[in-house]
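J.: any chance you can model this:
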Amino acid sequence: MFAGLADRLNKVFDKLTKRGILTEAAVDEMMREIKIALIEADVALPVVKDFIAKVREKAIGAEIVKSVSPAQMVIKIVHDALVDLLGESVPLKLTPRCQNVILMVGLQGSGKTTSTAKLAKRLTKEGKKVLAASLDTYRPAAQEQLAELGAAHQFAVLPIVAGQKPLEITRRAMDEARATLADVLILDTAGRLHIDDDMMAEVAAVRDLAQPAEILLTVDALTGQDAVQMAAAFRDKVGITGLILTRIDGDSRGGAALSVRAVTGVPVQYLGVGEKADALEVFDAKRIAGRILGMGDVVGLVETAIEKVNQDEAQRVAERMMSGRFDLNDLLSQMQQMNRMGDIKGIMKMIPGISKFSAQIDAANINNNFIKRQEAIILSMTPYERRHPDVLKASRKQRIANGAGVSVNDVNRLLKQYEQMADVMKKFKKMGPLGMLSLMKKMGGMAGSGTPFMNGGGFPPF
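T.: Take a look at the predicted model:
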């Protein structure tokens, strides 16, 4: 969601790399461009003014003027200011060996019920016994939706009793949580299409009865500045303790994510980064700032790999590749591992420096559907053909294309990509460790001129 802002800021920093020193006039010019970039990203104007003032104050100091690398120093100053703007998340205030209530609030359509399920699953994985209950008696099938999510992701949901009102459901949920020795009770309150007095009064009544340890507001990042105003209203009338930003993986300009904490003073706790039940990240200001400034998110990339990738299988394929043995079964394994990691474009943009090529990545049309098509082609081959790709001639290729629902050209492209990767693996084996390092440096240098992958012609050899 920060792609547009990241592109604008990177252009500003690229200009700085050509300067030996940084004058006050250059700082003022840079501040104007950063201000425009933030406003176009839909960041609240008071937040922009405060951010620019802080960055300018540090940038015109003696430290930056005497710096050998002005661009690097300014990037650090902007990074630190972004971290300060975003604020650090605060761990949930959950007391061990005690029933903790988390109240989920928000407008209808903000992803509140989905976030409830994601949070319940996350807390369950952390070893907590969770009970969730839907208080939404207004939206059709809202209670059934939470029940289905609980069954799918293995957390307990309070059984539905027709005709009960939200306060009655709350009392029953608290009794059930005590009886089952649940560590955490998550109450999913009803939302409305807009803020109204009835909704706020109902949420306040549930809050007073349940005495929650946390009141988490779900905020749809796609709604822009409306999300910031809505968060401020909930803060004033209900007293929220934390925020969950949903649809962070969407195409919004990012202004809400940058503004909401500064305007409300309430910390962001989690980010909803997809539709799947495990697509809930703990908010980390440094990592978000790194993404915005094109530094990538290595920590996030590693965490995703550890959680989603089969380490034994990855090690097996790596050993085969380094020994010069690499067949289509190994390529299939790589694709399946990548698919498990989630949205491939999102994963790629977590790699440091890759944001400069975001337009090329988008143009290459590399996505999870692309990976699935590649998988389908390999799965249409016989086990013998996967081990011995050399036997794939015209008639076999036609059979494989028909089986995968693709063209023969698609099959040929896959085989060409495999051959390129296999050739690289063979070179690795011949060169030894030092030769490998030299080759990898050369391959890294190709990125600036556009690798075959960046030009849409190849599969990324991760």
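
J.: quick one: average pLDDT of the strand or helix carrying Leu103?
T.: Leu103 belongs to strand 100-105 when assigned by DSSP states H and E. In this model, strand 100-105 has a mean pLDDT of 96.

J.: how far off centre is that strand?
T.: Computed by C-alpha atoms, centre = their mean, to the nearest Å, the separation of strand 100-105 from the middle of its chain amounts to 24 Å.

J.: and the next helix or strand past it?
T.: helix 112-125.

J.: run through who's touching that following helix.
T.: Contacts to helix 112-125, defined as C-beta atoms under 8 Å, 6 or more residues apart in numbering, come from residues 102, 104-106, 130, 132, 134, 136, 142, 145-146, 149-150, 153-155, 183-184, 186, 188-189, 191, 216, 218, 244, 246, 270, 272, 275, 277-280. From N, CA and C alone the C-beta is placed, and that goes for glycine too.

J.: pLDDT of that helix, averaged?
T.: Helix 112-125 comes out at a mean pLDDT of 94.

J.: what is the neighbour count of Val219?
T.: 31 (other C-beta atoms under 10 Å).

J.: what lines up beside the helix or strand hosting it in the sheet?
T.: Using DSSP H and E, Val219 sits in strand 214-220. Sheet pairing for strand 214-220, assigned by DSSP bridges, gives strand 100-105 (parallel), strand 242-246 (parallel).

J.: from Tyr384, how far out is the residue lying farthest from the centre of the chain?
T.: Computed with C-alpha atoms, centre = their mean, the residue of the chain farthest from its C-alpha average is Ser395, at 43.3 Å. Look at Ser395 and Tyr384: by C-beta to C-beta, to the nearest Å, they are 15 Å apart.

J.: is it fair to say His79 lies in a helix?
T.: Yes: under DSSP: H, G, I helix; E, B strand; the rest coil, His79 sits within a helix.

J.: apart from its chain neighbours, what residue comes closest to it?
T.: Spatial nearest neighbour of His79, chain neighbours left out: Ala289 (5.1 Å); criterion: C-beta to C-beta, 6 or more residues apart in numbering.

J.: pLDDT of the host helix or strand of the one you found, averaged?
T.: Using DSSP H and E, Ala289 maps to helix 285-292. Averaging pLDDT along helix 285-292 yields 80.

J.: quick check: the gap between the closest residue to Ile34 other than its chain neighbours and Arg291.
T.: Spatial nearest neighbour of Ile34, excluding adjacent residues (C-beta to C-beta, 6+ apart): Val12 at 6.1 Å. According to C-beta to C-beta, Val12 and Arg291 sit 17 Å apart.

J.: point out where the stretch 351-462 of the chain drops to low pLDDT.
T.: Applying pLDDT under 70 to the stretch 351-462 of the chain flags the ranges 351-368, 425-462.

J.: quick one, helices of it?
T.: 358-363, 368-379, 383-387, 394-404, 408-445 (DSSP state H, counting those that start in this stretch).

J.: quick one, which of the strands paired with strand 214-220 gets closest to Gly111.
T.: strand 242-246 (3.7 Å; C-beta to C-beta).

J.: after that closest one comes which helix or strand?
T.: Next element after strand 242-246 (DSSP H and E): helix 255-264.

J.: how about that following helix as CSV, C-alpha atoms only?
T.: Extracted C-alpha coordinates of helix 255-264, given in CSV (Å, rounded to 0.1, in the frame of the first residue of the first chain):
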residue,chain,number,x,y,z
GLY,A,255,-2.2,8.0,4.6
ALA,A,256,-4.5,6.4,7.2
ALA,A,257,-1.7,4.0,8.4
LEU,A,258,0.6,7.0,8.8
SER,A,259,-1.9,9.3,10.4
VAL,A,260,-4.1,7.2,12.7
ARG,A,261,-1.6,6.8,15.5
ALA,A,262,-0.5,10.4,15.4
VAL,A,263,-4.0,11.7,15.5
THR,A,264,-5.5,9.4,18.1
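
J.: that one: how far from the chain's middle?
T.: 18 Å.

J.: which residues touch it?
T.: So helix 255-264 is contacted by 1-2, 38, 41-44, 46-47, 50, 82, 85-87, 219, 221, 223-225, 227-228, 231-232, 235, 240, 243, 245, 248, 266-268, 288 (C-beta under 8 Å, 6+ apart).

J.: buried subset of those residues?
T.: By neighbour count, with 16 or more other C-beta atoms under 10 Å, those hold 1-2, 38, 41-44, 47, 82, 85-87, 219, 221, 223-225, 227-228, 231-232, 235, 240, 243, 245, 248, 266-268, 288 as buried.

J.: how is this structure partitioned into domains?
T.: 3-86, 100-289, 300-449 (automatic domain parsing).

J.: just name the most buried of these.
T.: domain 100-289 (a mean of 19; mean count of other C-beta atoms under 10 Å).

J.: in this structure Ala279 contacts Ile248, no?
T.: No: judged on C-beta atoms under 8 Å, Ala279 makes no contact with Ile248 at a distance of 9.3 Å.
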